[in-house]
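Enquirer: quick one: sequence and predicted model below, then my questions.
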Amino acid sequence: MLFIVIHQVYELWFKQLLHEFRKLQAELASGQTTHAMRTLRRALAILKIVVAQLDVLETMTPTQFTRFRDWLGTSSGFESAQFREIEAVLGRRDPMMVARYGEDSAERARIMAAMSRPSVFDSFVRYLAGQGYDVPAEIMRRDVTEPLTASDAMQQVLKKAYDDDSDAAVVSELLVDLDEGVQEWRYRHVKMVERTIGGSRGTGGSAGATYLRTTLAQPTFPDLWAMRSLG
């Protein structure tokens, strides 16, 4: 019961996060700074709840989980289409994200659609341009179906926003908070899996904690971290 309820609650929060990110992108596109800040703060509050819920799941011992694990069949955290969609909205571009979904499935279609649209960071880049910052044309016209990669030119734009101590810098810091929150979620998820199944293969045949550890320390918005090294 505990396992099922917590995962159902996760899916509800993932649904809300997807709603907030759509709202955020619309606000960034129209230059609504104050509203974008409020939406980001709400998303951050939700992420804190999502992370905290793992405390409840960790009250379950390995033996308790083993008693019903076989009943899960091929079910796996990898099959949360909404979480995969969140990753795509934030900028992840990886064909393996849809590998577990049928060619004609609604889940696959949603994730693929999200990977073909501008990400949250792409919307932020356009927001910066709308605030008067000189974003290079090649960044504005980048292929949004490709993964986000660090750019020296973009980092210089971000440094200018921070040097100005403008509203754009506040939005930037909230995006860093969002990135850090996602990384915290990944870390806590890994530790929960290690506490529950150790080094065993994950439910559904995944590599379990071994795979999850490879997702750690991978920033969602690499330029916002790299620019901190600039003099």
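Expert: All right, it came through fine. The model shown is predicted, which means the values in this text are computed figures rather than measured ones.
Enquirer: ok, now which ones touch residue 84?
Expert: Contact analysis of residue 84 by C-beta atoms under 8 Å, 6 or more residues apart in numbering lists 97-98, 107, 111. Backbone N, C-alpha and C define where each C-beta goes, glycine included.
Enquirer: where in the chain is pLDDT low?
Expert: 69-79, 198-217, 231 (pLDDT under 70).
Enquirer: just want the most central residue of this protein.
Expert: Compute the mean C-alpha point of the chain, and by C-alpha atoms, centre = their mean the closest residue is residue 87, 4.4 Å away.
Enquirer: if we can go back for a sec, PyMOL command for the buried members of the contacts of residue 84?
Expert: Isolation of the buried members of the contacts of residue 84 (16 or more other C-beta atoms under 10 Å) is achieved in PyMOL through the command below:
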select buried, resi 97+98+107+111
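Enquirer: next step: the contacts of residue 84 restricted to helices.
Expert: Among the contacts of residue 84, the members falling in helices are 107, 111 (criterion: DSSP state H).
Enquirer: nearest to residue 67 among the contacts of residue 84?
Expert: residue 107 (29.2 Å; C-beta to C-beta).
Enquirer: tell me how many other residues crowd the nearest residue to the closest one once chain neighbours are set aside.
Expert: Nearest in space to residue 107, with sequence neighbours left out and distances taken as C-beta to C-beta, 6 or more residues apart in numbering, is residue 81 at 3.6 Å. Residue 81 sits with 21 neighbouring residues when counted by other C-beta atoms under 10 Å.
Enquirer: skipping its backbone neighbours, what lies nearest residue 87 in space?
Expert: For residue 87, the closest residue by C-beta to C-beta, 6+ apart turns out to be residue 97, at 6.7 Å.
Enquirer: test my guess that the one you found contacts residue 89.
Expert: No. Taking C-beta atoms under 8 Å as the definition, residue 97 is not a contact partner of residue 89, at 11.7 Å.
Enquirer: residues contacting residue 65?
Expert: For residue 65, counting by C-beta under 8 Å, 6+ apart, the contacting residues are 3, 196-197.
Enquirer: and it, helix, strand or coil?
Expert: Put simply, residue 65 is helix when judged by DSSP: H, G, I helix; E, B strand; the rest coil.
Enquirer: residue 22 and residue 2, how far apart?
Expert: Residue 22 sits 31 Å away from residue 2, going by C-beta to C-beta, to the nearest Å.
Enquirer: also residue 140?
Expert: Here residue 140 is placed at a distance of 48 Å from residue 2 (C-beta to C-beta).
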